[in-house]
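**Q** Could you look at this predicted model? Sequence included:
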Amino acid sequence: MAQTFSRPAKNGAMMQRHNGMLLNRFSQGFFILLGLFVVYVLGRAFLQNPKVFVEQVLNGLQLGFIYALIALGYTMIYGIVKLINFAHGDVFMVGAFTSFYAVATLQLHRWPTWLFPGVSEGLMILIGTVTVILTAMLFSATLAVVIERFAYKPLRSKPRIAALITAIGVSFFVEYFGALPFAFTNNYITYPRPFEVNVYSGEMISPLLVVGAWVLFVISLLLSGWFTWTSRHGNVQAQTWKRHPLLQFGLLFFGFMAVVLTLTGVKIETGGKVWDLSVSNVMLIIMGASILLQTLLQYVVSHTRIGKAMRAAAYDKAVARLMGINVDGVITATFALGGGLAGAAGVLYATAFKQVHHLMGIIPGLKAFVAAVVGGIGSIPGAFVGSLIMGQTEVLAAGFISTPMRDAVAFSLLIVVLLVWPQGIFGEPPAEKV
Amino acid sequence: MRSRVFVMLALVVSMLVLSACGGGGGAVKIAILAPLSGDVATFGQSTRDGAMLAVEEWNAKGGVNGKQIEVVVEDSQCAAEAAVSAANKVIDQDGVKFIIGEVCSSASIPVSEIATAKTVFQISPTSTNPSVTVGEDGTTKPTIFRACFIDPFQGKVGAKFALENLGAKTAAVFLDQGNDYVRGLAEVFIAEFEAGGGQVLVKETYTGDDSDFSAILTKVKDANPDVLYLPDYYSTVNLIAAQAKEKGITAVMLGGDGWDSADLDRTALDGGYFTNHFSDQDTRAIVQDFVKKYSDKYGAAPDALAALAYDAANILFKGMEDAGKADPTAVAAALEKGTFDVVSGSVSYDASHNPVKAAVVLQVKDGAVNYVATVAP
């Protein structure tokens, strides 16, 4: 009896495997064709009008850097508690609203003039804006910690699905509590920016700045290369130097800065078409802040005690606890860091798009989540790279494929990545626990 | 707000008493159906105030055809069920034969069905959906009218204004594919603009929850059109306009009555124009007279809803005078024939009982919204 049962089952399994391989091959072919089609569409668009194409890429870059700040929070929290914190997008929204009240009601961005009436306008704006961002970060971090304490901590020993569903509940709670008349109201509110937006193009960008950015980028690149080379030849010290946060920051920041400034700084006239792109200070600030916070986070995680504790807790919570690590404290710190980054992202997002409302966190939150998955959830550089890919996908889809399809294309990226590359770009392959 | 309702009720009761004392030859009963509670309560209050102002003026003049006007006010909540029960109540219980209302199309349509079945006259001040006056089979409902123009009309006026007043040759149009109001305006604008010799260079769609418009604005910048038509509500228009300014787009922005809000971002939209039903800066004597009376009575400048309700009431009463009697069918016939000079322009009715009148064009300039022109279709 047993044999008669097992035989067809075995056959069935083999059939299934065979079909699966066929299906795999078919889907691989499909994805390759799809990829070729996308390359064709984008290539044609580039050749037809390189200026518009490059401008779209810059648009995508701005969006990508904002997603990066949100995605970092998702990925950190997932890395440590294995929880997809769906309320993260709403922490982002609260950050935006905090800065709205700080600017509109308290005029916090003008505080240096209260103490030092003679302070110059530029310095005041700089200090004021940083204060506003820090306030929003502080508030969002507190909110994230409170959410963790009351909604997730009691469920830590329960199955993960319980915390996940609670996260969705918390998300709805924050959104619709925000809609109440005494909270943020359900209006679409115009956001008063802490600083004026300036648009730079062509001659307004001094060549000195462009050359400076290139020089610093090349220096960082050379240093990095040299450290790599010496560390290969046995210099252990060079290995640590290579991962120094300042070097990382220089490499990323000046690299992007040099490219963006070069693209917008040049003015060429060819065949009646003028190559004359512009860049706004919002875009540069978003880029700078995003890279800065990303490197800072990288530094905290890889060079500090709390970072070491975080990595240990991510690796194995039970053993970390045995080693005397305060795992609950580590988790709280993780939520605070993630929430702070989301708050900063909220300020930058509101400054870029000049509007706040109580549901503004949903879509950016979802897209940042997708970006984190694309980059490999749990990985910090992954979240950064995934977000840049996400920003480009969205803007290029809107620009050259079809505008109503932009979100469809962006979210299909998630499906494609999950099918082809389930662990994401920087993600570790699913570890086998021994 | 509740106290205001009580005040209104007291007013209505006192009027009933007064008219009962004074009116020897009976009275004309009308009903106002408006949302006096809920999330669009301000719409309903403006509508009621506007209509009541007209009623008081006519009563002070000696009434319609020598009869005083009696008013029944019902809260129809901008909802189909509440509006249906309010309509049944005023028709069956109060014996009303003339209804002013509702504000929302979704409530006006079911009321119009009851009114048609019971041969009661209805004029909606602000419901823009074509189905309010036209039945499912395409025939016009005989006793149902409206005081406002319907959505596509604004697209037509916008195109005409762009071509003739702004001298535009090229345009870009953005529309939210999921919003009937926006699509209606945009499609008519495109058709009229092209029919008038203009060229639509960019037509882009977006979805309601987009906030990054950089991709489509880059296309607009590259095409460099004369006007950018944004027929959406103020919340989305604010977002698009702020980003457009930063992209260095110099096209004149143009829109519809969705811009009519105190929350419109007037710095981002500086220099833009939008079509609307009415402007309190219109210099015509009838408008200034209305604005003064309304502000004196209620302590605030009238909005478009109040103006349209005032117009709806005036059209109804003039129709009764023209017909010579308070009979719904006779009044409907008088409206079909007549031309009425009211606050929102000179109104006559087409075969679908939609008003044929001019729209006003307003400009956002230096933080204020100014009257620019009246554009006839």
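**A** Ah, there it is.

**Q** Return the residues of chain B in contact with chain A.
**A** B:177, B:204-207, B:209-212, B:214-216, B:218-219, B:221-222, B:234-235, B:238-239, B:242-243, B:246-248, B:263, B:265, B:268 (Cβ under 8 Å from any Cβ of the partner chain). Placement of C-beta: from N, CA and C, glycine included.

**Q** Sort out which of the residues you listed are buried, if you could.
**A** The neighbour-count test (16 or more other Cβ atoms under 10 Å in any protein chain shown) marks B:204-207, B:210-212, B:214-216, B:218-219, B:221, B:234-235, B:238-239, B:242-243, B:246-247, B:265, B:268 as buried among the residues of chain B next to chain A.

**Q** Name the residue of the stretch 151-300 of chain A with the shortest distance to chain B.
**A** A:Y188 (3.5 Å; Cβ to the nearest Cβ).

**Q** got the residues of the stretch 201-350 of chain A near chain B?
**A** Counting by Cβ under 8 Å from any Cβ, the stretch 201-350 of chain A sits next to chain B at A:201, A:278, A:280, A:282.

**Q** Now intersect those with the helices, please.
**A** If you go by DSSP state H, those have A:V282 in helices.

**Q** Using pLDDT, spot the least trustworthy of the residues of the stretch 201-350 of chain A next to chain B.
**A** Note: of these, the lowest pLDDT belongs to A:S201, at 74.

**Q** Any stretches of chain A with poor pLDDT?
**A** Low-confidence segments of chain A, defined by pLDDT under 70: A:1-20, A:202, A:270-274, A:429-434.

**Q** give the contact list for the spatially most central residue of it.
**A** Geometric centre of chain A, nearest residue: A:A68, 1.2 Å, by Cα atoms, centre = their mean. Contacts here follow Cβ atoms under 8 Å, 6 or more residues apart in numbering or on different chains; on that basis A:A68 touches A:290, A:294, A:368, A:371, A:383-384, A:387-388.

**Q** now do 6 Å
**A** Each residue near A:A68 by Cβ atoms under 6 Å, 6 or more residues apart in numbering or on different chains is listed here: A:290, A:384, A:387.

**Q** my guess is it is in a strand, correct?
**A** No. Per DSSP: H, G, I helix; E, B strand; the rest coil, A:A68 lies outside any strand segment and is helix.

**Q** Not counting sequence-adjacent ones, nearest residue to it?
**A** A:S387 (3.8 Å; Cβ to Cβ, 6 or more residues apart in numbering or on different chains).

**Q** and the one you found, what does it touch?
**A** Per Cβ under 6 Å, 6+ apart, neighbours of A:S387: A:64, A:67-68, A:71, A:371.

**Q** quick one on the thing from earlier: in strands, which of the buried ones among the residues of chain B next to chain A appear?
**A** If you go by DSSP state E, those have B:204-206 in strands.

**Q** Would you convert the residues you listed into a markdown table that also reports pLDDT?
**A** Shown next, in a markdown table, are those (pLDDT from 0 to 100):
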| residue | pLDDT |
| --- | --- |
| B:E204 | 89 |
| B:T205 | 89 |
| B:Y206 | 88 |
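
**Q** While we're on B:A159, how confident is the model there?
**A** Reading off the model, B:A159 has pLDDT 93.

**Q** May I ask you to confirm that it is in contact with B:F193?
**A** Yes. Counting by Cβ atoms under 6 Å, B:F193 is a contact partner of B:A159 at 4.2 Å.

**Q** Distance of the one residue in the stretch 1-150 of chain A that gets nearest to chain B relative to B:A268?
**A** Nearest residue of the stretch 1-150 of chain A to chain B: A:N59, at 3.7 Å (Cβ to the nearest Cβ). Distance, A:N59 to B:A268, using Cβ to Cβ, to the nearest Å: 18 Å.

**Q** do B:T119 as well
**A** Taking Cβ to Cβ, one finds B:T119 at 50 Å from B:A268.

**Q** Helix or strand for residue 145, just tell me which one.
**A** Using chain A. helix A:121-147 (DSSP states H and E).

**Q** ah, no, chain B please
**A** B:F145 is part of strand B:144-146 when elements are defined by DSSP H and E.

**Q** List the residues that contact A:R321.
**A** Going by Cβ under 6 Å, 6+ apart, A:R321 touches A:V327.

**Q** and the next element down the chain from whichever helix or strand it is part of?
**A** Assessed by DSSP H and E, A:R321 sits inside helix A:317-322. Moving toward the C-terminus from helix A:317-322, the next helix or strand (DSSP H and E) is helix A:327-353.

**Q** Buried residues of that following helix, list them for me.
**A** Going by neighbour count (16+ other Cβ under 10 Å), the buried part of helix A:327-353 is A:327, A:330-353.

**Q** What about the residue nearest to A:F217 when sequence neighbours are not counted, how many residues nearby?
**A** Closest residue to A:F217 apart from its sequence neighbours, by Cβ to Cβ, 6+ apart: A:F254 at 3.8 Å. Around A:F254 there are 22 other residues, counting by other Cβ atoms under 10 Å in any protein chain shown.

**Q** Next: A:T129.
**A** A:T129, neighbours per other Cβ under 10 Å, totals 21.

**Q** ok, it - contacts?
**A** So A:T129 contacts A:194-195 (Cβ under 6 Å, 6+ apart).

**Q** gap between A:L251 and A:G307?
**A** For A:L251, the distance to A:G307 (Cβ to Cβ) stands at 20 Å.

**Q** B:L201 now?
**A** 53 Å.

**Q** try B:V55
**A** 74 Å.

**Q** go on, A:Y188?
**A** To A:G307, A:Y188 is 40 Å away according to Cβ to Cβ.

**Q** before we move on, back to that, determine which two of the contacts of A:S387 are furthest apart.
**A** A:G64 and A:A71 (9.6 Å; Cβ to Cβ).

**Q** Those two - which one has more neighbours?
**A** Under the criterion of other Cβ under 10 Å, the comparison of A:G64 against A:A71 puts A:A71 first, with 37 against 28.

**Q** got the contact list for A:Y191?
**A** Counted by Cβ under 6 Å, 6+ apart, A:Y191 has contacts A:100, A:350, A:354-356.

**Q** same thing but at 8 Å, please
**A** Residues in contact with A:Y191 (Cβ under 8 Å, 6+ apart) are A:96, A:100, A:103, A:350-351, A:353-356.

**Q** which two in the residues you listed are spaced the farthest apart?
**A** Checking these with Cβ to Cβ, the most distant pair is A:V103 and A:F353, at 14.8 Å.
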